[in-house]
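Enquirer: sequence and predicted model, in that order:
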Amino acid sequence: MFIIMVVVFVLGYLAIALEHPLHIDKAIPALAIGTLLWVLYIFGAYDIFTAGLSEAWNSYVHGGEAHGEQGIKAMRHFIVDKEIIHHLGEISEILFFLLGAMTIVEVIDKHDGFKIITDKIKTTKKVNLLWILSFLTFFMSAALDNLTTTIVMVALLRKLVSDKETRWFFASMVVLAANAGGAWSPIGDVTTIMLWIGGQVTTLNIMTMVILPSLFTMVVPLALLSFTLKGEVTRPQINENEKIYTQPFERKLMLILGVCGLLFVPVFKTITHLPPYMGMLFSLSMIWLTSELMHKNKPDEIKKKLKVVYILQKVDTPTIFFFLGILSAVAALQSAGQLTILAGWLDDKLGNIFLIDMAIGVLSAIVDNVPLVAGAMGMYPIEDAASIAAMTDPAAIEYASNFVQDGLFWEFLAYCAGTGGSILIIGSAAGVAAMGMEKIDFIWYLKRISLLALLGYVAGAGVYYLQALLLHH
C-alpha cells in the first residue's frame with residue numbers, strides 16, 4: 001500500500017496537469033486522490049506501521065499517547081481521530097483564509113473599487129505594464145501575503161487586459177512576483193510564517209538577507225521578457241450602456257475597507273497569536289456589515305448586484321475544492337511517511353545545506369511546500385550556542401552552526417521553498433489561486449513560464465550564495 005499510495009498520487013497529479021486535454025476539471029482528480037490516499041493508508045496501516053515507516057505513528061506510540069493499545073484498533077483510532085483531524089485543522093485554516101480573501105476581493109470588484117486603481121495605470125505597452133504590475137505585486141506580497149496579493153492582482157488584470165493569452169502571461173508573472181515578494185517577509189508566505197513562528201528565523205534578519213535574492217528571482221525573468229514581449233495590451237471594452245450601480249464614494253469606501261481589511265490580517269495575527277484566517281473572517285464580517293448598511297434602502301435590482309449574499313455565489317468554489325483535495329493527498333503522504341523518507345534521502349545523498357535547500361525548492365514545485373518545510377523543521381532541530389560550544393570537531397561545529405536561529409540553512413530554506421514553487425503553476429498557493437481564477441492551462445505554463453521561473457530561481461540562489469560568502473555568514 002505504501003508504494004501504491006505514491007503511484008495513485010502520481011496518476012492524480014498527471015490528471016491535474018492534463019486538465020485541458022482530458023476536459024476534466026482539476027478539482028475532480030484532486031478530490032479523488034485526496035480521499036483515495038487516506039483509504040489506501042488506513043487499509044495498509046498495519047504493514048506501514050509495523051515496518052516503522054510512519055514517523056507520526058512512531059512518535060505517537062513512543063509518546064505514550066497510544067495508552068498501551070497496539071493492533072489494528074489503535075492504528076485506526078490514530079488515523080481517524082488523530083491524523084485526519086490534525087491535518088484537516090491545518091487545511092481548513094488555508095481554505096477559510098482563501099475563501100475570506102476571495103470574497104473580499106469579489107466585493108471590492110463588484111463595487112467597482114478596482115476601477116480607481118486601473119484608471120491610474122495609463123500605459124498599454126506590454127513591457128512597461130509588466131514591470132509596473134510585477135513590482136507592485138512584489139511589495140504588496142510582502143505586506144499582505146502571496147496568496148491574497150495574487151487574488152487581488154488577478155482581479156485587477158481582468159480590468160486591464162482583454163486578450164486571454166496575454167492575461168495568462170501577466171497572471172503567471174504575478175504568481176512569480178508574489179512568490180518572490182513573499183519569501184523575504186516573515187508574513188509573506190505560509191512557509192516563512194512557519195519558520196518565523198517556529199523561531200528558526202527572526203523578522204529583521206529574514207528581510208535583510210533574503211530581499212536581494214528574491215528581487216533577482218523576479219527581475220531576471222522580467223529582463224528576459226523585455227526583449228521578447230512586444231506590442232500593446234488591449235483594454236477590455238467598456239459598455240457605455242451598462243448600468244453603474246455604485247457612487248464614487250461607495251467605490252472608494254469599499255476599496256479602502258477591503259485593502260485595510262486585508263492589511264489588518266498580519267496585524268491581527270501578531271497581536272492575538274491566533275491563526276490568520278480568523279483575522280480574514282473578521283475583516284470580511286466588517287465589510288459585509290458595511291455593505292448591508294450601505295444598500296439596505298436601495299431597490300432590489302441593486303441589492304442583487306451588490307449584497308454579499310449574492311456576491312458569494314460568484315466566488316470560485318472549484319478552486320477551494322482543488323485546494324482541499326491536493327492538501328489532503330499531501331497530508332496522507334506526510335502522515336504515512338513517504339515525505340519523511342524523501343527528506344532523509346535528500347540529506348543522505350546531497351549532504352550539503354545549499355543543495356538540500358535547492359532540492360526542496362524544486363520539489364516544492366511538485367509537492368506542496370508546506371509539508372516539505374514542516375519535514376525539514378522536523379528533521380533538523382534548531383542548534384543552540386551551548387551545544388555547539390561543547391563540540392570538538394571543527395567540521396561538526398561548522399555544519400551545526402548552519403542550523404542556529406537565523407542560520408544559513410533556515411534563511412536559504414525560506415528563499416527556496418518560497419520561490420521554487422513558481423517553476424510549476426500548481427507548485428504554490430498563489431499559482432493554484434491564479435490557475436483557478438483564470439483557468440490557466442498547466443501545459444501552457446510549463447512551456448511558456450517554467451524555464452523563466454527556473455532561471456530566476458537559480459539566479460536568486462546564486463545571489464544568496466555569493467552574499468553568504470561575502471558576509472562570512
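Expert: That came in fine, so what should we check first? Residues are numbered from 1 along each chain as shown.
Enquirer: now residue 113: how far from residue 152?
Expert: According to CB to CB, to the nearest Å, residue 113 and residue 152 sit 10 Å apart. C-beta coordinates here come from the backbone N, C-alpha and C atoms, glycine included.
Enquirer: of those two, which one has the most company?
Expert: residue 152 (27 against 23; other CB atoms under 10 Å).
Enquirer: surely that one touches residue 107?
Expert: No: using CB atoms under 8 Å as the test, residue 152 is too far from residue 107 to be in contact (12.0 Å).
Enquirer: which strand or helix spans the closest residue to residue 353 other than its chain neighbours?
Expert: Nearest non-adjacent residue to residue 353, counting by CB to CB, 6 or more residues apart in numbering: residue 409, 4.6 Å away. Taking DSSP states H and E as the definition, residue 409 sits inside helix 408-419.
Enquirer: which elements pack onto that helix?
Expert: In terms of contacts (3 or more CB pairs under 8 Å, 6 or more residues apart in numbering; DSSP states H and E), helix 408-419 is packed against helix 164-183, helix 190-198, helix 203-228, helix 353-363, helix 369-379, helix 450-471.
Enquirer: who wins for proximity to residue 405 among those helices?
Expert: helix 203-228 (8.6 Å; CB to CB).
Enquirer: that closest one - what's its average pLDDT?
Expert: For helix 203-228, the mean pLDDT works out to 90.
Enquirer: what of stretch 433-450?
Expert: 88.
Enquirer: so what does residue 404 have for phi and psi?
Expert: phi -70, psi 170 (degrees, to the nearest 10).
Enquirer: so what sits opposite it in the bridge?
Expert: residue 383 (DSSP bridges).
Enquirer: any idea how far apart the tips of stretch 195-202 sit?
Expert: 9 Å (CA to CA, to the nearest Å).
Enquirer: buried sites along that stretch?
Expert: Neighbour counts over stretch 195-202 (16 or more other CB atoms under 10 Å) mark 195-196, 200-201 as buried.
Enquirer: rewinding a little: please name the residues that touch the residue nearest to residue 353.
Expert: 353, 356-357, 380, 402-403 (CB atoms under 8 Å, 6 or more residues apart in numbering).
Enquirer: any idea how far it lies from residue 360?
Expert: Distance from residue 409 to residue 360, by CB to CB: 10 Å.
Enquirer: quick one on the thing from earlier: which of the helices and strands packed on helix 408-419 is buried the deepest?
Expert: Comparing the helices and strands packed on helix 408-419 by mean neighbour count (mean count of other CB atoms under 10 Å), helix 164-183 ranks first with a mean of 27.
Enquirer: what angle sits between it and helix 203-228?
Expert: When axes from the mean of the first three to the mean of the last three CA atoms, to 10 degrees is applied, the directions of helix 164-183 and helix 203-228 differ by 160 degrees.
Enquirer: can you list the low-confidence ranges for this protein?
Expert: For the chain, applying pLDDT under 70 flags the ranges 63-70, 238-244, 368, 370-371, 375, 378-379, 472-473.
Enquirer: neighbours around residue 91, how many?
Expert: Residues lying near residue 91 (other CB under 10 Å) number 20.
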